[in-house]
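In: Below is the sequence, then the predicted model.
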Amino acid sequence: MGLTAPHILGVGTAVPPEHYSQEELLDLFEITDRRVRSVFLMGSIRQRSLVLPPAGPDGTRVRESQGDLLDKHKAWAVSLGSEALTQCLKRTGIDLSEVAYLCCVTSTGFLTPGLSALLIRELGMDWHVGRSDIVGMGCNAGLNGLGVVRNWAAANPGRPAVMVCAEACSAAYAMDATMRTAVVNSLFGDGAAAVAVMADPVGGDGVPGAGPDGPRILRTEGVTIVDAIDAMRYDWDRDQGCFSFFLDPQVPYLVGANVEGVVDRLLAGTSLHRDDIEHWLVHSGGKKVIDSIAVNLGLTRHDLRHTITVLRDYGNVSSGSFLFSYDRLLQEGVARAGDYGVLMTMGPGSTIETALIQW
């Protein structure tokens with residue numbers, strides 16, 4: 001908890017322009033199976049922003065090949081990532097030319113060169129910007145990426161680092177009548193989020209000077225539950241010729257069974273207890289996941305209000321979900337100097353990641 005702990009300066013978010021209710025999606029894809037419809041309608045999601053395949057001559061949605069899906073991922077990861085990054089910098093007052101490090105996170109497609117290089121070209125950023133790409137880690141990866149920019153910022157005080165999470169989840173859908181794909185297709189939405197981080201500048205005497213506003217990232221803690229390594233995964237669907245994501249029905253209980261331990265490790269040695277945490281910014285992994293976290297950590301719906309409403313309005317936008325919740329907390333304007341917060345994400349591995357912040 002030293003003076004060099006970097007600050008979160010601000011965030012930006014972006015989603016595609018088209019929004020669909022769950023009922024509209026069921027009608028568009030002519031889904032009549034009552035079991036599938038119940039999965040869509042019972043998940044506490046009101047609407048999602050998605051880039052759907054175009055309609056064919058008969059009005060039905062055209063099936064996208066894996067090549068089409070990769071093209072979609074590239075186009076929308078760049079578009080949404082650029083928008084989120086631009087909004088983040090505008091809100092924080094940082095000029096694009098000041099960004100010294102860029103970390104990009106995505107799991108809904110594979111790109112070489114990585115998204116970071118594509119964003120540097122798209123936005124006209126300095127060619128000498130340091131960069132890294134985190135690909136394929138899943139919904140937990142936003143906090144893994146935040147750890148990267150936090151460490152870089154701590155080693156380079158006074159220089160802004162930015163993380164962009166860009167997920168075109170509609171580029172990772174497989175369309176069939178199975179319950180496996182129904183669970184995935186009912187849950188995820190497209191979106192991007194960006195966060196800027198900087199450590200206090202250091203004066204000529206080697207002492208940190210006046211720093212920026214925003215909470216400090218004090219420490220991080222995570223757990224990889226290797227016994228459940230197959231609970232969340234990408235598989236190649238040979239019948240459809242595309243990748244297909246799998247979510248084990250036991251995921252909510254798996255997360256719940258392990259969340260107390262990782263939070264206790266996060267707070268160990270700080271003299272803090274869970275009751276001392278004012279703000280919980282948790283990944284919107286799904287209704288059952290949120291409920292499991294609430295039960296096991298003794299949290300109320302008010303504690304998780306931003307997580308719940310982000311799920312309601314956007315669905316699960318993968319790695320950037322927790323930043324959508326953080327953005328809503330900032331808009332609410334209730335965080336005060338000295339308040340503590342916990343950021344939490346979970347995803348394939350199976351993994352739970354956490355970070356402790358203080359305003």
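Out: Ah, there it is.
In: Quick one: low-confidence residue ranges for this protein.
Out: 1-3, 202-212 (pLDDT under 70).
In: Mind jotting down where the strands sit in it?
Out: Along the chain, counting by DSSP state E, strands occupy 7-14, 19-21, 47-49, 101-106, 130-135, 161-167, 191-198, 216-224, 232-237, 242-247, 277-282, 340-347, 351-358.
In: Name every strand pairing with the last one and say which way it goes.
Out: Pairing partners of strand 351-358, with direction, according to DSSP bridges: strand 216-224 (antiparallel), strand 340-347 (antiparallel).
In: Please apply the same query to the fourth one.
Out: Using DSSP bridges, the strands paired with strand 101-106 are strand 130-135 (parallel), strand 161-167 (parallel).
In: before we move on, the earlier item: reformat the strands of the chain into CSV and put distance to G124 and mean neighbour count next to each item.
Out: C-beta: built from backbone N, CA, C; applies to glycine. As requested, those are arranged in CSV below (distance: least, C-beta to C-beta, whole Å; neighbours: other C-beta atoms under 10 Å):
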stretch, distance to G124, mean neighbour count
strand 7-14, 18, 24
strand 19-21, 30, 15
strand 47-49, 26, 22
strand 101-106, 13, 28
strand 130-135, 15, 18
strand 161-167, 15, 32
strand 191-198, 16, 30
strand 216-224, 29, 19
strand 232-237, 33, 15
strand 242-247, 32, 20
strand 277-282, 32, 22
strand 340-347, 31, 25
strand 351-358, 31, 24
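In: Of these, give the one that comes closest to A77.
Out: Closest of the strands of the chain to A77 is strand 161-167, at 4.1 Å (criterion: C-beta to C-beta).
In: Taking strand 191-198 as reference, get the angle to that closest one.
Out: Using axes from the mean of the first three to the mean of the last three C-alpha atoms, to 10 degrees, one finds that strand 161-167 and strand 191-198 are set 170 degrees apart in direction.
In: Just want the angle from strand 161-167 to strand 7-14.
Out: Angle, strand 161-167 to strand 7-14, by the same axes, to 10 degrees: 30 degrees.
In: can you tell which of the strands of the chain is closest to R34?
Out: Short answer: strand 19-21, nearest of the strands of the chain by C-beta to C-beta, at 18.2 Å.
In: Show residues contacting the closest one.
Out: The contact list for strand 19-21 (C-beta atoms under 8 Å, 6 or more residues apart in numbering) reads L28, R46, Q47, R48, S49, L50, L52.
In: Which residue, other than its chain neighbours, is closest to the second one?
Out: Counting by C-beta to C-beta, 6 or more residues apart in numbering, the nearest residue to R46 once its immediate chain neighbours are dropped is R312, at 4.9 Å.
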